[in-house]
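# test case, fold it:
(2 chains)
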Amino acid sequence: MAPSTAGAITLTINGEKHTLPVDNRTTLLDALRERLGLTGTKKGCDQGQCGACTVLLEGRRVVSCLQLAVAAEGREVTTIEGVADGDRLHPVQQAFLDLDGYQCGYCTPGQICSAIAAIEEHAAGWPSAVTTDVRPEAGVAPLTPEEIRERMSGNLCRCGAYVSIVQAVARAAEETAQNTSGANEMNVAGAA
Amino acid sequence: MTTATTPTAPVVGAVGTAHTRVEGRDKVTGAARYAAEIPFAELAHGWLVVSTVTRGRIRSIDAAPVLAMPGVLTVLHHGNAQPLETQYTGPMGAPDPTLQIFQHDRVPHAGWPVALVVAETSEQAREAAESLVVEYDLEPHDVAFADGHPGTYVPESTPRAAAERTKGDLAAELDASAVVVDAEYTTPEEHHHPMEPHAATAYWDSGRLEVVDTNQGSIYVAQELAQLFSLDASAVRVRSEHVGGGFGAKGTRAHQVAAAMAATVLHRPVRVVLTRRQMFSLIGYRSPTAQRVRLGADADGRLRALHHQGLNQTSTVYEFVERSADVARAMYDADAHHTVNRVVRLDVPSPTYMRAPGEAPGSFALECALDELAERCGVDPIVLRARNEPAVGPVSGLPYSSRKLLDCFEVGAGRFGWAERDPRPGLRRDGRWLLGTGTAAASFPTLAGPSTAAVTAEADGTFTVRITAADVGTGARTALTLVAADALEVSPDRVTVRIGDSDFGQAMLAGGSAGTRSWSWAVTLAAHDLREQLALGGHVPPEGITARSDTTAAIGALPPRERHAYGAQFAEVAVDVTTGEVRVRRMLGVFAAGRIVNPLTARNQFVGGMIWGLSMALHEEAVRDGATGTHVAPDLAGYHVAANADVPLVEADWVDDPDDEDPVGIKGIGEVGIVGAAAAIANAVWHATGVRHRHLPIRPDRVLAPWDEALPRPSEDRD
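Numbering: from 1, shown residues only, chains lettered A, B, ... in the order given. This is a model prediction of the structure:
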């Protein structure tokens, strides 16, 4: 019997369950774009080097071009189509829009998904390569422009909108911090 | 310029006020659909197979096993592809034979398209394409670009672009000069890499070839495809609503031709998307350059002699001239003035226009040489430029439409803190970092291309603009909304701008910093005409009232002038004495580039250009392996473009410089931001280290080399 090259998987995408047949070679990115019509997630390099395909898998940012769809079986995926609250944009989306944190817009969904996770990772106390004091007792270092640049460097923007991207992420992080002040519950899996 | 002829209070002032992008919400929510994202029933997926060898002939293509693979529909190659027209003058002039795919068995460079595999799914097409066995008869190749290559020649001049311009006696003026700078500069092969890969879906609909594409000018692509496939111009329609970056690379390329061929054979829609790797060989790139600049000056820095000689590579099938030496013709005068662009043909892909073609590499050489001259004369670099400010075009003798270069330097120097700068190099330390600052001038021609536009007054009181413009991230759709609103004297929310459809007629492409200027001109003329019609009174019928414009005559009537945008670039760098790493700490650009339509998007675009300059100065370099003739690591890891962490706070601003001839006052801003930026950084690296770096990118090994070889290394333990 020839080995099976296809199977049916169930993914929870933006809170909605989808069962779909996929070729085993299908990446999560292609499953979203080609099978489910969720083309907000972009294909920039298809080899994990540009970040345009960033989505949140169980709340963590991943490049969906390096995930096989079958490996995401049963897991929760949040894409750019799922980050707004109905008609109300996510603070990161609104900041990108207001501060012109993009030009051509192609890297933008990946930037926004990445920024949402980066803000949560920072708030949860995860250090970055530029965090100077990583002792647990040092607490959460301020989310400086340098920290944002480092944490957002997995997402290339060829138009060179980095300056306004950093400003947008900073503003969204401030708003998020204000909205969640007093309640330090994080949604980032594994944040503890 | 709007004239208030309506009796009710006119609404003007949209132009010049910051507006977020009209399609911004679609872009931040993922709703904006790019070329490869438009769904089609019965869509088939094409995957290009490109040559793995650099030069030779295809001996055989073994299609049978691939055709037997699941889902495979066809394999197109030189043995079965339809003939294409090869002799024509297209919208971009003589066609690049790279577009004439599958017409013969010759392979002129690595990455040449040799077959297209089409299958039901992209996974099937990809596996089949990677399984296709192509055998080649190899021939020796030459991919070694270097000054002094025996194949170097001066290309024929065209009416619009002379290869060589000469004034005065160069040797005599150099001899008479108190100070002479004679230096060679090189820039490497650089790639556009828009984040959105090239993608096209082609299908036939009622006898018309329809192409959904991502490009910088849909009418240009439509006209080129019509020529290639021997179709009436009206039998091809190309649409391109959202474009994920272009930078010169998104014209007609092999993917549209391949998709159209396959759609013709299969009678169903076929989509072809280039892989990131294929983009290294199929979409054009900026040629490496080898440039020599000789400047002869009096002791006070006044130029007597200026010699700028450029060299670039092109393919064996198409001549592309990277016009590096042109920038000197507009920038600085000298009694003897000699500029020449030269070319050498190698077994490489055809290069093409890339952001600020000519000016980007040319300004690196020229503006670094000016800095060297300033050092040698003991004159401040800005003062040196002021001393050489020409009254008229140095070579043309034509008056400038406006030239506010020195205003840019004045404003920029004040904001940057230039007056406090100690000109001596190698003095400033911050721990293990050496600090320095540098400056350079920027310029780019102000161009306009004939365009048509239609503006419709709808029955519901709104207005619709139709023009074959392209918004490649420039904010053109938003800019045209503002321009139309002012011309119609209504608020922008009553204006809808539709672009990216070749059926809207002839219009300039998004290139040469001329898109928004050219399109705004056409939109303004049509809007003014429409207002005159509406002023006659009467009801607007259900189909609306439409006015059309054509700027061909107006642009043709422009008198000969030197027309350019200008800028002053400033950079501060830190150079790590241990690793040789160069970090840019801040950049400032001040530009004189016509009226700024939308300050929000314009600032972003200027800054983006400057970041391209940073990336060019420090990071970008495509390396070709001489033995195989192919790229080393052709991907976004092997070819680094500036990432967020590479980029400091970059600021851009502008001085008031409306263009008197343009109805909106626009010049154009897309390219001038990159021009001079790499030179400012290189000059800052000299100021930090005392070493001139004349070869881009300024890699750590290049920074360390002179310290290792000749000079005492700056001590690492100070501070």
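
# can you pull the residues of the stretch 601-719 of chain B lying near chain A?
Selection of the stretch 601-719 of chain B residues close to chain A by CB under 8 Å from any CB of the partner chain yields B:601, B:604-605, B:607-612, B:615, B:635-637, B:641-647, B:649-651. C-beta: built from backbone N, CA, C; applies to glycine.

# let's go with 7 Å and repeat that
Contacts of the stretch 601-719 of chain B with chain A, taken as CB under 7 Å from any CB of the partner chain, map to B:601, B:604-605, B:607-608, B:611-612, B:635-637, B:641, B:643-645, B:647, B:649-650.

# which parts of chain A belong to which domain?
A:6-82, A:91-191 (automatic domain parsing).

# so which of those domains gets nearest chain B?
Chain B sits nearest to domain A:6-82 of all the domains of chain A, at 1.9 Å, using CB to the nearest CB.

# tell me where the stretch 51-200 of chain B has helices.
All helices of the stretch 51-200 of chain B, identified by DSSP state H, counting those that start in this stretch, fall at B:64-67, B:122-131, B:170-176.

# possible to save these as a markdown table with mean neighbour count?
Formatted as a markdown table, those follow (neighbours: other CB atoms under 10 Å in any protein chain shown):
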| stretch | mean neighbour count |
| --- | --- |
| helix B:64-67 | 14 |
| helix B:122-131 | 21 |
| helix B:170-176 | 16 |
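
# ok so, going back, and the residues of the stretch 601-719 of chain B next to chain A, which of them are buried?
B:601, B:604-605, B:607-608, B:611-612, B:635-636, B:641, B:643-645, B:647, B:649-650 (16 or more other CB atoms under 10 Å in any protein chain shown).

# hey, what's B:V107 bridged with?
Residues in a beta bridge with B:V107, per DSSP bridges, are B:G56.

# report pLDDT for it.
Per-residue confidence (pLDDT) for B:V107: 98.

# give the contact list for it.
B:51, B:53, B:55-58, B:136 (CB atoms under 7 Å, 6 or more residues apart in numbering or on different chains).

# still on that earlier bit, which of the residues of the stretch 601-719 of chain B next to chain A fall within strands?
Among those, the members falling in strands (DSSP state E) are B:649-650.

# who in the stretch 451-600 of chain B is up against chain A?
So the stretch 451-600 of chain B meets chain A at B:472-473, B:600 (CB under 7 Å from any CB).

# so which of those is the most crowded?
B:G473 (33 neighbours; other CB atoms under 10 Å in any protein chain shown).

# closest to the centroid, which residue in chain A?
A:C113 (2.8 Å; CA atoms, centre = their mean).

# so B:R429: helix, strand or coil?
strand (DSSP: H, G, I helix; E, B strand; the rest coil).

# that one - how many residues pack around it?
The burial count for B:R429: 16, using other CB under 10 Å.

# quick one: it from B:A684, how far?
15 Å (CB to CB, to the nearest Å).

# and the residue of chain B that's closest to chain A?
B:G30 (1.9 Å).

# per-residue confidence at that residue?
Reported pLDDT for B:G30: 98.

# which residue packs closest to it, ignoring adjacent ones?
A:G40 (1.9 Å; CB to CB, 6 or more residues apart in numbering or on different chains).

# same question for B:I555.
Closest to B:I555 by CB to CB, 6+ apart is B:A448, at 5.0 Å.

# how far does stretch B:150-169 sit from the chain's center?
22 Å (CA atoms, centre = their mean, to the nearest Å).

# distance of B:L534 from B:E458?
Distance from B:L534 to B:E458, by CB to CB: 12 Å.

# actually B:D486, not the one I typed
Distance from B:D486 to B:E458, by CB to CB: 18 Å.

# who has more neighbours, the two?
Each of B:D486 and B:E458 has its neighbours counted (other CB under 10 Å); B:D486 has more, 26 against 16.

# measure that one to B:G16 for me?
Applying CB to CB to B:D486 and B:G16 gives a distance of 9 Å.

# same check on A:P21?
55 Å.

# need phi/psi at B:F570.
phi -130, psi 140 (degrees, to the nearest 10).

# repeat that for B:D503.
phi -70, psi -10.

# list the beta-bridge partners for the closest residue to it other than its chain neighbours.
In space, and not counting its chain neighbours, B:D503 is closest to B:R237: 5.5 Å by CB to CB, 6+ apart. On the basis of DSSP bridges, B:R237 is bridged to B:E210.

# how about the contacts made by B:R237?
For B:R237, the contact set (CB under 7 Å, 6+ apart) comprises B:208, B:210, B:222, B:502-503.

# got it, and A:Q167?
Applying CB under 7 Å, 6+ apart, the residues near A:Q167 are A:L99.

# for it, give me phi and psi.
phi -60, psi -40.

# JSON lines for the domains of chain A, including distance to B:V590 and mean pLDDT?
Listed next are those as JSON lines, based on distance: least, CB to CB, whole Å; pLDDT from 0 to 100:
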{"stretch": "domain A:6-82", "distance to B:V590": "32", "mean pLDDT": "97"}
{"stretch": "domain A:91-191", "distance to B:V590": "16", "mean pLDDT": "91"}
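
# go through those and name the closest to B:R624.
domain A:6-82 (19.9 Å; CB to CB).

# contacts for the host helix or strand of B:G412?
Per DSSP states H and E: B:G412 is located in helix B:405-416. Identification of contacts with helix B:405-416 by CB under 7 Å, 6+ apart yields B:382, B:385-386, B:389, B:419, B:441, B:566-568, B:570, B:588, B:590-592, B:655.

# what about the strands in chain A?
A:6-13, A:16-23, A:54-57, A:60-63, A:76-78.

# would you mind finding the most buried of these?
Of all the strands of chain A, strand A:54-57 carries the top mean neighbour count, a mean of 26, counting by mean count of other CB atoms under 10 Å in any protein chain shown.

# so that one, near chain B or not?
No. If you take CB under 7 Å from any CB as the test, strand A:54-57 misses chain B, and the best it gets is 10.5 Å.

# so who does the closest residue in space to B:G638 that isn't next to it in sequence touch?
Once flanking residues are discounted, B:G638 sits nearest to B:V632: 6.5 Å by CB to CB, 6+ apart. Neighbouring residues of B:V632 by CB under 7 Å, 6+ apart: B:623, B:625, B:638.

# tell me how far B:V632 lies from B:V641.
16 Å.

# low-confidence stretches in chain B?
B:1-10, B:709-719 (pLDDT under 70).

# still on that earlier bit, residues contacting the residue nearest to B:G30?
So A:G40 contacts A:79-81, A:109, B:29-31 (CB under 7 Å, 6+ apart).

# so what touches stretch B:168-176?
Outside stretch B:168-176, the residues within contact range by CB under 7 Å, 6+ apart are B:180, B:294, B:296, B:304-305, B:307, B:335-338.

# of the contacts of A:G40, closest to B:H193?
Nearest to B:H193 among those, with distances taken as CB to CB, is A:P109, at 18.3 Å.

# could you find the closest non-adjacent residue to that closest one?
A:I80 (3.6 Å).

# what is the burial count for A:P145?
Neighbours of A:P145 using other CB under 10 Å come to 15.

# picking that back up, quick one, which of the helices of the stretch 51-200 of chain B is nearest to B:E671?
For these, proximity to B:E671 was assessed by CB to CB; helix B:170-176 is nearest, at 29.1 Å.
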